[in-house]
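coords please:
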Amino acid sequence: MTLTNEKVAELEKQAESIRETIIDMLVSAGSGHTAGPLGMADIFTAFYFHILAHDPKKPDWEERDRLILSNGHICPVQYAAMAHAGYFPVPECLTLRKFGSRLQGHPERLRLPGLETTSGPLGEGLSQAAGIAYAFRMDGGEKMSDVPRPTVHVGRGTSYMGVGGKRRVYCVMSDGEQEEGNIWEAALFAGKNKLSNLTAIMDRNNIQIDGMTEDVMPLEPLAEKYRAFNWHVLEVDGHNITEFVRAIDEAKAIYEKPTLIIAHTIPGKGVPEIEFDYHWHGKPPTREEGKRFLKEIRTMNGKVPHEYA
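Numbers count the residues shown, from 1 in each chain. Got it, this is the predicted structure:
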């Protein structure tokens, strides 16, 4: 589907709504991660409202794309995006981390239809995604580029169709988990097997739970490392939806190798007082902070009026 200026504006507005829902969820839970989910709201909005071939009413649709969340602690952004897309009612988001809730602090596949994997320990998602992509190759799934897939309706009447006919696998992972050895085993496997139906997205926000990544364990040069493992590598502004969608489209045109998109994001995006502060990696806002954060998101830190601020 063509990404028009009107569509971009619609997606940006949706991302704002998702950020608001994230704040409400965390305040209600009284625990959880704030910085990462806020920073990835634009990318998850692009996935669930433009990129993915999926059907919220049929979450087990066989021809759907697979979205694997490796850094499961940022699941509030995935839950919020799924709710706004129609997988479950938005008010259910307020059950985050509650006893008996389907929305646990890390995703549990068997609890919530629409989740592809259970995640928690960092570093596992890329292995899972590479395995799924390889399985699609084995059963011929990656050769379906000439098979049209139906238009799917999501969210508030939005219609779209995933670009390209073959099932694709996307893996969202953090920069901090690049310290895990099994990430690099999976990267080697995917590069060696030329899994062109696999696209990984790295949230390059430069923070982890106890500091800045380059202080804890220097990661650079990340792009060169992945290229050495036979990956096609792109770098984008993770808050520029147009730029991100173009990178996804380029990944779909790449053959003979998987693609890594390094998305440079701002942890805590939308709330200036917590942006780039690693202390908010695993810290929820209090009720009073939540009210203040919602006002900052709704008014762009006072730059625009908002009737609900």
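
and Lys225, that's in a helix?
Yes - the assignment for Lys225, made by DSSP: H, G, I helix; E, B strand; the rest coil, places it in a helix.

burial count for it?
By the other Cβ atoms under 10 Å criterion, the neighbourhood of Lys225 contains 16 residues. The C-beta positions use only the backbone N, C-alpha and C, and glycine is treated the same way.

Thr118 now?
16.

ok, now Tyr134?
Counted with other Cβ under 10 Å, the burial measure for Tyr134 works out to 17 neighbours.

which SSE is it in?
Under the criterion of DSSP states H and E, Tyr134 resides in helix 125-138.

repeat that for Leu110.
Element membership of Leu110 [criterion: DSSP H and E] is none; it lies in no helix or strand.

wouldn't it be in contact with Thr117 here?
No - taking Cβ atoms under 8 Å as the contact criterion, Leu110 and Thr117 are not neighbours in contact, 10.5 Å apart.

hang on, the earlier thing: buried ones in the helix holding Tyr134?
Gly125, Leu126, Ser127, Gln128, Ala129, Ala130, Gly131, Ile132, Ala133, Tyr134, Phe136, Arg137 (16 or more other Cβ atoms under 10 Å).

quick one: mean pLDDT over it.
Model confidence over helix 125-138 averages 95 on the pLDDT scale.

please apply the same query to stretch 78-94.
Per-region confidence: stretch 78-94 scores 98 on mean pLDDT.

tell me which other helices or strands the helix holding Tyr134 touches.
Helices and strands touching helix 125-138, by 3 or more Cβ pairs under 8 Å, 6 or more residues apart in numbering; DSSP states H and E, are strand 66-69, strand 169-174, helix 181-192, strand 198-204.

can I get the ones you listed in CSV with distance to Cys93 and mean neighbour count?
As requested, the helices and strands packed on helix 125-138 are exported to CSV (distance: least, Cβ to Cβ, whole Å; neighbours: other Cβ atoms under 10 Å):
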stretch, distance to Cys93, mean neighbour count
strand 66-69, 16, 24
strand 169-174, 19, 27
helix 181-192, 30, 18
strand 198-204, 21, 27
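
can you put those in a markdown table and add mean pLDDT and distance to Val77?
Shown next, in a markdown table, are these (pLDDT from 0 to 100; distance: least, Cβ to Cβ, whole Å):
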| stretch | mean pLDDT | distance to Val77 |
| --- | --- | --- |
| strand 66-69 | 97 | 9 |
| strand 169-174 | 97 | 9 |
| helix 181-192 | 97 | 21 |
| strand 198-204 | 97 | 10 |
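
out of the ones you listed, the one nearest Arg292 is which?
With Cβ to Cβ, the closest approach to Arg292 among those belongs to strand 198-204: 24.8 Å.

who does the next helix-or-strand element following the closest one pair up with?
From strand 198-204 onward toward the C-terminus, using DSSP H and E, the following helix or strand is strand 207-208. Sheet pairing here is set by DSSP bridges, and for strand 207-208 it gives strand 211-212 (antiparallel).

which residues touch the strand it pairs with?
Residues from elsewhere that reach strand 211-212 (Cβ atoms under 8 Å, 6 or more residues apart in numbering): Asn206, Tyr278.

also stretch 278-285?
Counting by Cβ under 8 Å, 6+ apart, stretch 278-285 makes contact with 23, 26-27, 29-36, 73, 207-212, 267-268, 274, 293, all of which sit outside it.

filter these to the buried ones?
Among the contacts of stretch 278-285, the ones that count as buried (16+ other Cβ under 10 Å) are 23, 26-27, 29, 32-36, 73, 207-208, 267-268, 274, 293.
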